[in-house]
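A.B. asks: Structure of the sequence below:
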Amino acid sequence: MLRKVLFWMHLGVGLVAGLAIGIMSFTGAALTFEKDILAWAERDARRIPMPAPEAERIGLDELMGRVLAARPDLRLFNVTVSADPRDAVIVGIPGNAAVAVNPYSGEIRDVAAPRTQAFMQAMRAWHFRLNFKAGPGNAGAMLNSAANLMFVFLGLSGLVLWWPRVWQWRAVRASVWFLSGRGKARDWNWHNVIGLWCLPLILVLAGTGVVLSYKWANALVFRLAGETPPPNLAPPPLPPLKLPAPPTGAAALSSDALVAAAQRAFPEWSQVTLRFNPPRTAAASPAPNPPRTFALVVKEQAPWPRFDRPTVTIDAFSGAVVRTEGYATLSPGMRARRWIRLLHSGEALGTFVQFLSGVACLGGCVLVYTGFALAWRRFVPARKTT
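C.D. replies: The predicted structure follows:
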């Protein structure tokens, strides 16, 4: 009796949430390698010919000066240097955009792949809010949040319904591997087999989606870690830095010297991003109050966790590292929240698990199709031919 009740609940919830789950699954598969696809589409700007051994790099400040001379209306938010000599220097500009500069020739290129970016933006709009107009109290976002929660129920109830009454190969083989068949038998086989093999990742993707969607679920993560949920997911403010006064008449270090200081602090670096606050502009007069420190984000060659990107704060005059913030300095609740965010996108455990997450999303699409097909055959019997 309990199994029958659970079956009808599983069927009803699937019919209610199936369309939204199908859309989230399809767009989730498309977004699995979003960053990699965008980098590939922008490769002509981001990559440069291999420089000659005797070639010398142009200083970062001069490169940014050339960008501002060519585009005086721009504000420069950051500059990124890569350990790969074939990578251009990337300069961040407004609109979450960038320009790439050849560090040997000074050639400037726009980093843009309009069609790929538009496609990914469309996928994100459908994935997060069913393409409803963005804004507070978004109906599409609320529908997707509820569908995420229902997807967790479908996964758990599906496991109970799948569980064989008798553990014999003859009884379970149609539920664990693909068999030849047509119509209802094929749909039932696919629904069970794909549901079984994709279930662990589906539960991770949907469960983390619940945390990302609901404030109560997010707060629960912090409370389980013994912490008070922070407002706006911001870590607690850090104590102010106590810096020695710079020598009289001392000049601030160049951008190259600041980047070099971060590279010395992280010998296994693969990428360093120097942030500017306030942004650099083409204004001729120097800032009245130049920054006392600079923040640089470092990507290492083999970090653990893989998503760790420590931020180092460097004295603008001495080049000394005065603070390091990263995964190791986060509270347990913030660490858990960081894992949840990156597990949802599949990025937390490397390319192979990311690929499996994309496959699980495609599996979710098949589950929606076979679920609807089985429901259709249940409620709309096929006509008998004479």
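A.B. asks: any low-confidence regions in the stretch 151-300 of the chain?
C.D. replies: 284-288 (pLDDT under 70).
A.B. asks: Contacts only, for the spatially most central residue of the chain.
C.D. replies: To find the centre residue of the chain, average its C-alpha atoms and take the closest one (Cα atoms, centre = their mean): that gives S345, at 5.1 Å. S345 is in contact with 31-32, 354, 357, counting by Cβ atoms under 8 Å, 6 or more residues apart in numbering. (C-beta placed from N, C-alpha, C; glycine too.)
A.B. asks: Most neighbours out of these, which is it?
C.D. replies: Ranked by neighbour count (other Cβ atoms under 10 Å), these have S357 at the top, with 25 neighbours.
A.B. asks: That one in helix, strand or coil?
C.D. replies: Using DSSP: H, G, I helix; E, B strand; the rest coil as the criterion, the local structure at S357 reads helix.
A.B. asks: Helix or strand: which one has the closest residue to G363 other than its chain neighbours?
C.D. replies: If you skip the residues right next to it in sequence, G363 has C198 as its closest partner in space, 3.7 Å away by Cβ to Cβ, 6 or more residues apart in numbering. Under DSSP states H and E, the secondary-structure element containing C198 is helix 183-213.
A.B. asks: and that helix, which residues are buried?
C.D. replies: Neighbour counts using 16 or more other Cβ atoms under 10 Å place 187-196, 198-199, 201-213 of helix 183-213 among the buried residues.
A.B. asks: Surely A251 is within a strand?
C.D. replies: No. Counting by three-state DSSP, A251 is not found in a strand; it is coil.
A.B. asks: Sketch out the strands for the stretch 201-350 of the chain, chain order is fine.
C.D. replies: Counting by DSSP state E, counting those that start in this stretch, the segments of the stretch 201-350 of the chain that form strands are 269-280, 293-300, 311-315, 321-325.
A.B. asks: Any idea which of those strands gets closest to I58?
C.D. replies: strand 269-280 (15.5 Å; Cβ to Cβ).
A.B. asks: Direction included, what does that closest one pair against?
C.D. replies: Sheet partners assigned to strand 269-280 using DSSP bridges are listed as strand 76-82 (antiparallel), strand 293-300 (antiparallel).
A.B. asks: Just put these in a markdown table and tack on mean neighbour count.
C.D. replies: As requested, the strands paired with strand 269-280 are arranged in a markdown table below (neighbours: other Cβ atoms under 10 Å):
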| stretch | mean neighbour count |
| --- | --- |
| strand 76-82 | 21 |
| strand 293-300 | 20 |
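A.B. asks: Tabulate these in JSON lines, adding columns for distance to E42.
C.D. replies: Compiled in JSON lines, these are given as follows (distance: least, Cβ to Cβ, whole Å):
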{"stretch": "strand 76-82", "distance to E42": "13"}
{"stretch": "strand 293-300", "distance to E42": "17"}
